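Colleague: Sequence plus predicted model, see below.
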Amino acid sequence: MAQGERLEDAAAFAGVRDGFERLWTPHRMAYIRGEKPTPDDRGECPFCTAPQRDDEEGLIVHRGRRCYVVLNLFPYNPGHLLVCPYRHVPLYVDLDAEELAEFSDLTRQALRALERASNPAGFNIGMNQGAVAGAGLAAHLHQHIVPRWGGDMNFLPIVGRTKALPMLLADVREQLVEAWPDEDAPPDR
């Protein structure tokens with residue numbers, strides 16, 4: 001600061017304190033702008049291209065041999081995971097026996113990692129098969145695992161079509177990678 005300059009008091013600025021807390025969620029602008037994960041102009045599927053990126057950039061939490069686990073880019077709650085086969089198939093019945101076994105096992109491992117990382121009170125687990133069933137990307141099978149806590153819903157999704165998320169995706173990913181169970185270790189129960 002130059003000699004003779006003085007700092008202005010923030011309380012002197014225009015406006016009246018409204019008593020509201022602010023939830024800054026800049027990562028949601030992609031969703032608000034309609035930048036949902038859909039095939040791009042070249043027809044590439046985001047669930048096919050994510051595994052081609054490094055784990056941090058692709059938001060990948062764990063890679064299996066036939067399936068992988070990735071954070072949802074537009075999560076309902078922190079830790080919202082997707083279990084996806086590497087193979088581009090639209091339906092659960094399209095998985096071969098090895099994919100099906102790993103898909104199920106990765107779901108179980110994801111639940112354990114979420115329990116270790118964030119101690120949720122419950123989970124929503126499910127798949128939307130086909131666009132009419134609500135699948136945002138119907139061409140590539142993916143299963144949602146959403147951790148739930150008491151009181152994790154508020155009026156924002158209803159009134160403002162906005163979801164306030166208390167953690168950044170990169171922080172959630174790091175937490176889950178650290179909590180991912182060792183496949184050879186016995187369960188923590």
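Modeller: All right, it came through fine.
Colleague: tell me the mean pLDDT over the host helix or strand of residue 56?
Modeller: Using DSSP states H and E, residue 56 maps to helix 55-58. Summarised as a single mean, pLDDT over helix 55-58 is 94.
Colleague: Next: stretch 100-110.
Modeller: Rounded mean pLDDT across stretch 100-110 is 98.
Colleague: quick revisit: other residues contacting the helix holding residue 56?
Modeller: For helix 55-58, contacts defined as CB atoms under 8 Å, 6 or more residues apart in numbering pick out 49, 50, 51, 52, 61, 63, 70, 170, 173, 177. No exception for glycine: its C-beta is placed from N, CA and C like everyone else's.
Colleague: My guess is the third one contacts residue 61. True?
Modeller: What it means is residue 51. No. In this structure, residue 51 is not within contact of residue 61 by CB atoms under 8 Å, at 12.0 Å.
Colleague: on that earlier part again, following the helix holding residue 56, which helix or strand comes up?
Modeller: strand 60-63.
Colleague: same for that following strand, what does it pack against?
Modeller: Contact partners of strand 60-63 among helices and strands, from 3 or more CB pairs under 8 Å, 6 or more residues apart in numbering; DSSP states H and E: strand 67-71, helix 97-118, helix 169-179.
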